[in-house]
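Asks: how would this look folded up:
(one chain, ligands or ions: 2)
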Amino acid sequence: MRVNLGHLLKQPMGESVAYKVAEDPIDPRGDNADLLDADIRAIDADVKATHTNPGAYLQGDARARVSQQCVRCLRPIESEVEATFAEQYYATLTVDSGAPMREPPPDSKTIGPDFNVDLTPLLREEVILATPQAPLCRPDCRGLCQVCGKDLNESPHDHEAPADDRWAALRGFKAGDG
Ligand SMILES: [Zn+2]
Ligand SMILES: [Zn+2]
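Replies: Ligands and ions are numbered 1, 2, ... in the order given. Down below sits the predicted model:
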């Protein structure tokens, strides 16, 4: 999901431009297939870019649909995830003359020589951070039976305590024997 900051960087310092990026569903053969590796199926984001001295400050929010699994009953679910972000992107060339800018700090995000910024890595990172770690299909999910593994939402049941089961087996044995 690329935005071109060339126009913004020609504006006076402090000016902003709003962008909207979206893909639903994410195309496995498209530019944003990396999002699918993080189980992100759809995303849309509003971004405000402000011209700052070394480049552009990008802030906004993203909404994503993420494939997950209920931690109790293991059925597949989709979580709606909202993430906010704010990140400085450093220009590497001046937009007017194409002259190189001062070296950006190490590990900082940079604006390419074509003034495009790929938002996908940032959105991916922020959505992963905002995704629930222990999602439930519903708040009162009963989960799987510890004894037989059946889904207790679909077939609510109880087992007798294991000690009782042993006595039952013994009683059955004696009855059959006599
Ligand atoms: Zn569940
Ligand atoms: Zn059971």
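
Asks: Get me the contact residues on this structure for ligand 2.
Replies: By the rule CB under 5 Å from the ion, the part of the chain lying against ligand 2 is 145, 147-148, 150. Just so you know, the C-beta spots here come from the backbone N, C-alpha and C atoms, and that holds for glycine as well.

Asks: could you redo the last one with a cut-off of 8 Å?
Replies: Residues of the chain lying close to ligand 2 by CB under 8 Å from the ion are 145-150, 152, 155, 157-159.

Asks: Give the buried subset of these as a ChimeraX selection command.
Replies: Restricted to buried positions by 16 or more other CB atoms under 10 Å, the ChimeraX selection for those reads:
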select :152
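
Asks: Make TSV from the residues of the chain next to ligand 2 and add pLDDT, secondary structure and distance to ligand 1 to it.
Replies: Listed next are the residues of the chain next to ligand 2 as TSV, based on pLDDT from 0 to 100; DSSP: H, G, I helix; E, B strand; the rest coil; distance: CB to the ion, whole Å:
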residue	pLDDT	secondary structure	distance to ligand 1
Cys145	95	coil	13
Gln146	92	coil	15
Val147	94	coil	18
Cys148	95	coil	17
Gly149	94	coil	14
Lys150	95	coil	13
Leu152	96	coil	9
Ser155	94	coil	14
His157	94	coil	16
Asp158	92	coil	19
His159	90	coil	20
